[in-house]
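K.L.:
I'd like to go over a predicted model; first the sequence, then the structure.
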Amino acid sequence: MATETHSDAAAASAPGMPQLDFSTFGNQIFWLLVALAAIYFVLSRMALPRIASVLSERQGTITNDIAAAEDLKAKALQAEAAYDKALADARMEAQRIIAAAKADIQSDLDAAIARADAQIAEKSAESEKAIAGIRESAMENVKIVARDTAKEIVSALGGKPDAKTVNAAVDSRLKG
Amino acid sequence: MATETQGEGGGLEFHPMDQFIIKPLFGGDAVNWYTPTNATLWMALAVLAVFALLVLGTSKRSVVPGRVQSVAELAYGFIYKMVEDICGKDGVKYFPYIMTLFMFIVFANFLGLLPMAFTPTSHIAVTALMAFAVFFGVTILGFVKNGASFLGLFWVSSAPLPLRPILALIEVISYFVRPVSHSIRLAGNMMAGHAVIKVFAGFAAIAAIAPLSVIAITAMYGLEVLVSFIQAYVFTILTCVYLKDALHPHH
Amino acid sequence: MEGDIVQMGAYIGAGLACMGMGGAAVGVGNVAGNFLAGALRNPSAAAGQTATLFIGIAFAEALGIFSFLVALLLMFAV
């Protein structure tokens, strides 16, 4: 049966598998050697050195770029530190100004309060004195009115008012 | 193979192996060693593709790579890292050989996936030549580098003494089977995938099964794309492993 | 007649040889499954072992390819 198939299969020679047709082996081996030699030549002379150089060049570029990036990063960190420092300084300065202003205000306030206290004390002393005066004069008036009234009453009762006695009596009464 | 189909008489013909036939490119029947054949054509296309990717693609040498250049660099880095990881630093000088093998196999495999294409790597002759080249190269290199102590590869000094001769026999056998499995793995995978696709394609002649056949071909094609790459990778990585044995035979 | 019997034996043998592919499938699945189980336990170590994974898969698969090859030889070369 197999032989029938093979007679159909045009050029195939006796064995059924073309792979086992030894008459073609020499041909294949020859052309394979040519092909492999060509590839080997192309690879070892042109392709591999070129790719290796491209790869190492890229490696170099990448290393350089990484170094540059590290550099820039360090710079950025420095700038950030400087910025932070400036910020802290400014904050401290502001604190200081606020404290100074507070102290100024406090001292002004204290002075004003002291002045106001002094004025108040003065005013109250004056008023005190005025009140004392008024009280004094009111006492005098009471004394005079009491003497006069006592003299009038004594004379109305028919006695002769003795000024000294009346005065002494009124005084002792007022004091009592 | 053809028995049942010819019995049907429905014109259903399977010729899954016909795609592997080597034909002279410019007419005639005789395949002499110098005749340009379809194998020659597709090997040449693979060489051109390697050239286009690795030489034309990187011609701009740009620091920020374009699409083709980044693929080329990816392939370079992939194989370079593989060689360095497996063989160590002193294996790096064999990197161009391994890169040659990888690029040729991967492009031959992928170009072979094009419809109507021929796959050079599906032929035992091709893969066996590459595998035996690796085998003899590695063996000679091992003896040149290590002298007779290369034979220590077969003498497993970590095993108990009575077992060592038996293990040595097994190691020797497995060492000599290496090129066979190395070559047949690649050729067998390529051949199997293409033959299966062809068989499914043969079923498409029956209208009722045709949609299923197309779906099956699509699925197999996806698998084949994966297999094409993985087999190239495996061939390369096994080459690295064998090379490591030659460079550092004492494991 | 004699040739037909030989042919029949070859075809039966090819079919039997295909069983080897099942073994390869089990082997590849075993390798990949164990790798995944290990990788899930220790994902950080997984990345370094993918090469080993592929080597293991390649060795497991090679034997399946051998059986496929035997099948093909029986079909076409005997």
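P.N.:
Okay, I see it. Numbering: from 1, shown residues only, chains lettered A, B, ... in the order given.
K.L.:
please enumerate the helices of the stretch 151-251 of chain B.
P.N.:
Taking DSSP state H, counting those that start in this stretch as the criterion, the stretch 151-251 of chain B contains helices spanning B:164-203, B:210-247.
K.L.:
export those helices as JSON lines, with columns for mean pLDDT, distance to chain C and mean neighbour count.
P.N.:
Using the backbone N, CA and C atoms, a C-beta is placed for each residue, glycine as well. Written out in JSON lines, the entries for the helices of the stretch 151-251 of chain B read as follows (pLDDT from 0 to 100; distance: least, CB to the nearest CB, whole Å; neighbours: other CB atoms under 10 Å in any protein chain shown):
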{"stretch": "helix B:164-203", "mean pLDDT": "89", "distance to chain C": "4", "mean neighbour count": "19"}
{"stretch": "helix B:210-247", "mean pLDDT": "91", "distance to chain C": "4", "mean neighbour count": "18"}
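K.L.:
nearest to chain A among these would be which one?
P.N.:
Of all those, it is helix B:164-203 that lies closest to chain A, at 6.8 Å by CB to the nearest CB.
K.L.:
so what does the residue lying farthest from the centre of chain A look like in phi/psi?
P.N.:
Ranking residues of chain A by C-alpha distance from their mean position (CA atoms, centre = their mean) puts A:Gly158 at the top, at 100.4 Å. Note on A:Gly158: backbone dihedrals following degrees, to the nearest 10 are phi 100, psi 0.
K.L.:
closest residue of chain C to chain A?
P.N.:
C:Phe76 (2.8 Å).
K.L.:
what's the local residue count around that residue?
P.N.:
By the criterion of other CB atoms under 10 Å in any protein chain shown, C:Phe76 has 21 neighbours.
K.L.:
tell me the SS of B:Phe14?
P.N.:
For B:Phe14, the secondary-structure state derived from DSSP: H, G, I helix; E, B strand; the rest coil is coil.
K.L.:
how many other residues sit next to it?
P.N.:
Counted by other CB under 10 Å, the residues lying close to B:Phe14 total 19.
K.L.:
next: A:Ile66.
P.N.:
Number of residues near A:Ile66 (other CB under 10 Å) recorded here: 10.
K.L.:
give me the element it is part of.
P.N.:
Secondary-structure assignment from DSSP states H and E places A:Ile66 in helix A:48-156.
K.L.:
and that helix, how far from the chain's centre?
P.N.:
Here helix A:48-156 shows a centroid-to-chain-centroid distance of 20 Å under the convention CA atoms, centre = their mean, to the nearest Å.
K.L.:
show the subsequent helix or strand relative to that helix.
P.N.:
Helices and strands here follow DSSP H and E; after helix A:48-156, the next one along the chain is helix A:163-175.
K.L.:
same for that following helix, what does it pack against?
P.N.:
helix A:48-156 (3 or more CB pairs under 8 Å, 6 or more residues apart in numbering or on different chains; DSSP states H and E).
K.L.:
shouldn't B:Leu243 be in contact with B:Thr139?
P.N.:
No - the criterion here is CB atoms under 8 Å, and B:Leu243 misses it with B:Thr139 at 10.9 Å.
K.L.:
regarding stretch C:69-78, how distant is the last residue from the first?
P.N.:
Length of stretch C:69-78, first residue to last, CA to CA, to the nearest Å: 12 Å.
K.L.:
just how off-centre is it within its chain?
P.N.:
Mean-position distance between stretch C:69-78 and its chain equals 16 Å (CA atoms, centre = their mean).
K.L.:
give the rounded mean pLDDT of that stretch.
P.N.:
Across stretch C:69-78, pLDDT averages out at 80.
K.L.:
so who does the closest residue to B:Leu153 other than its chain neighbours touch?
P.N.:
Once flanking residues are discounted, B:Leu153 sits nearest to B:Pro249: 4.1 Å by CB to CB, 6 or more residues apart in numbering or on different chains. Contacts for B:Pro249 (CB atoms under 8 Å, 6 or more residues apart in numbering or on different chains) come out as B:Gly142, B:Asn146, B:Ser149, B:Phe150, B:Gly152, B:Leu153.
K.L.:
which helix or which strand is home to the second one?
P.N.:
The reference is to B:Asn146. With the criterion set as DSSP H and E, the secondary-structure element containing B:Asn146 is helix B:124-146.
K.L.:
what about that helix, distance to the chain center?
P.N.:
Remark: helix B:124-146 is offset 15 Å from the chain centroid, using CA atoms, centre = their mean.
K.L.:
now look at it and say if it contacts chain C.
P.N.:
No - Helix B:124-146 lies out of reach of chain C by CB under 8 Å from any CB of the partner chain, never closer than 9.0 Å.
K.L.:
low-confidence ranges in the chain?
P.N.:
This is for chain A. For chain A, the stretches flagged by pLDDT under 70 are A:1-15, A:176.
K.L.:
not quite, I wanted chain C
P.N.:
C:1.
K.L.:
for it, what lies in contact range of chain B?
P.N.:
Along chain C, the residues adjacent to chain B under the rule CB under 8 Å from any CB are C:51, C:54-55, C:57-59, C:61-62, C:65-66, C:68-69, C:72, C:75-76.
K.L.:
separation between A:Val54 and chain B?
P.N.:
Here the distance between A:Val54 and chain B works out to 5 Å (CB to the nearest CB, to the nearest Å).
K.L.:
what is the burial count for the closest residue to that residue other than its chain neighbours?
P.N.:
Distances taken as CB to CB, 6+ apart place B:Arg61 nearest to A:Val54, at 5.3 Å, with adjacent residues excluded. Using other CB under 10 Å, B:Arg61 is surrounded by 13 other residues.
K.L.:
hang on, B:Ala187 packs against A:Pro18?
P.N.:
No - with contact defined as CB under 8 Å, B:Ala187 does not count as touching A:Pro18 (11.6 Å).
K.L.:
follow-up on the earlier one: dump the helices of the stretch 151-251 of chain B into TSV; add distance to C:Ala24 as well.
P.N.:
TSV is the format used below for these (distance: least, CB to CB, whole Å):
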stretch	distance to C:Ala24
helix B:164-203	11
helix B:210-247	13
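K.L.:
just want the phi and psi numbers for the residue nearest to B:Leu153.
P.N.:
Taking degrees, to the nearest 10, you get phi -70, psi -10 for the backbone angles of B:Pro249.
K.L.:
same check, this time on B:Pro24
P.N.:
Torsion angles at B:Pro24 (phi, psi; degrees, to the nearest 10) stand at phi -60, psi 140.
K.L.:
got it, and B:Thr37?
P.N.:
Taking degrees, to the nearest 10, you get phi -120, psi -180 for the backbone angles of B:Thr37.
K.L.:
count of residues packed around B:Leu141?
P.N.:
Using other CB under 10 Å, B:Leu141 is surrounded by 17 other residues.
K.L.:
again with B:Ala75
P.N.:
Taking other CB under 10 Å as the criterion, the count of residues near B:Ala75 is 20.
K.L.:
and it, what's its pLDDT?
P.N.:
According to the predicted model, the pLDDT of B:Ala75 comes to 92.
K.L.:
buried set for the helix or strand hosting it?
P.N.:
Assigned by DSSP H and E, B:Ala75 belongs to helix B:67-87. Taking 16 or more other CB atoms under 10 Å in any protein chain shown as the neighbour-count basis, helix B:67-87 is seen to contain the buried residues B:Val68, B:Gln69, B:Ala72, B:Glu73, B:Ala75, B:Tyr76, B:Ile79, B:Tyr80, B:Met82, B:Val83, B:Ile86, B:Cys87.
K.L.:
please apply the same query to stretch B:150-158.
P.N.:
Of the residues in stretch B:150-158, those buried (16+ other CB under 10 Å) are B:Phe150, B:Leu153, B:Phe154, B:Val156.
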